[in-house]
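**Q** Provided below are the primary sequence and the corresponding predicted coordinates.
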Amino acid sequence: MLRQDSNDETEDVSLFDADEETSRGSRRKKIRHPIASFFHLFFRVSAIIVYLLCELVFKSFIACMVTIILLLSCDFWAVKNITGRLLVGLRWWNQVDDDGKSHWVYESRKTGPGKKTTSEAESRIFWLGLISCPIVWVVFAFSALFSFNVKWLAVVIMGVTLQGANLYGYIKCKVGSRKNLTSIASSYLGSHLLKQTFSREAQAES
């Protein structure tokens, strides 16, 4: 796990309080956490459905707004604290120290050599739901803005903020600090250029 503060410094810190161990039989299953997979999509998809159908089903705007905000809040908590840890072995949070500095804290489950703690099916469900739903809320935001639907704009901004925060946190948790991402890109470009150089020399000699 990496801990990243406002100065983009990283250091090793303790991982999950208790590492979860799974049996060989459970590792072979495509979806080992069906309940977590269900609720990972349930709250966020339900919020989108309520937003689309609220004017047809509900007569009260307040009832629609409260229902959507509750669903979004449940989704934010569940994804941040439960489904990310179970489905992809990641967890994140942001904390402020006594000096007022903001710290990003990342956790990832330890894996032994040649061992997998997550399944591909659960990983796809997690990242598909995590990325696609914020995009939908961004579309809703532009639609409400261009149609001058001001009363729904606050609800849509809430959806973009809550789901966008989880997306941002897990992307940072996945790729690490910006410094690490830059070094990965630099090493990839360097190896690519080196490979091209050797291929050109080989063609010239032939």
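**A** Thanks, I have it. Because the structure is predicted, anything quoted here is derived from the model rather than measured.

**Q** domain assignment for this structure?
**A** Per automatic domain parsing, the domain ranges recorded for the chain read 2-175, 178-206.

**Q** Could you tell me the least trusted of the ones you listed?
**A** Of all these, mean pLDDT reaches its minimum on domain 178-206 (a mean of 53).

**Q** which stretches of the protein form strands?
**A** Listed in chain order, the strands found in the chain under DSSP state E are 2-5, 10-12, 90-96, 102-108.

**Q** List the neighbouring strands of the third one plus their orientation.
**A** Sheet neighbours of strand 90-96, with direction, are listed as strand 102-108 (antiparallel) (DSSP bridges).

**Q** list the buried ones in the strand it pairs with?
**A** Within strand 102-108, the residues scored as buried using 16 or more other C-beta atoms under 10 Å are 104-108. Yep, even glycine has a C-beta here, placed from its N, CA and C like the rest.

**Q** which of those residues sit farthest apart?
**A** 104 and 108 (13.2 Å; C-beta to C-beta).

**Q** Report the separation between residue 149 and residue 143.
**A** Residue 149 sits 8 Å away from residue 143, going by C-beta to C-beta, to the nearest Å.

**Q** got it, and residue 172?
**A** 28 Å.

**Q** and these two? which has more neighbours close in?
**A** A count of neighbours by other C-beta atoms under 10 Å puts residue 172 above the other of residue 172 and residue 143, at 18 against 12.

**Q** Surely residue 90 is in contact with residue 108?
**A** Yes. Between residue 90 and residue 108 a contact is recorded at 5.5 Å, counting by C-beta atoms under 8 Å.
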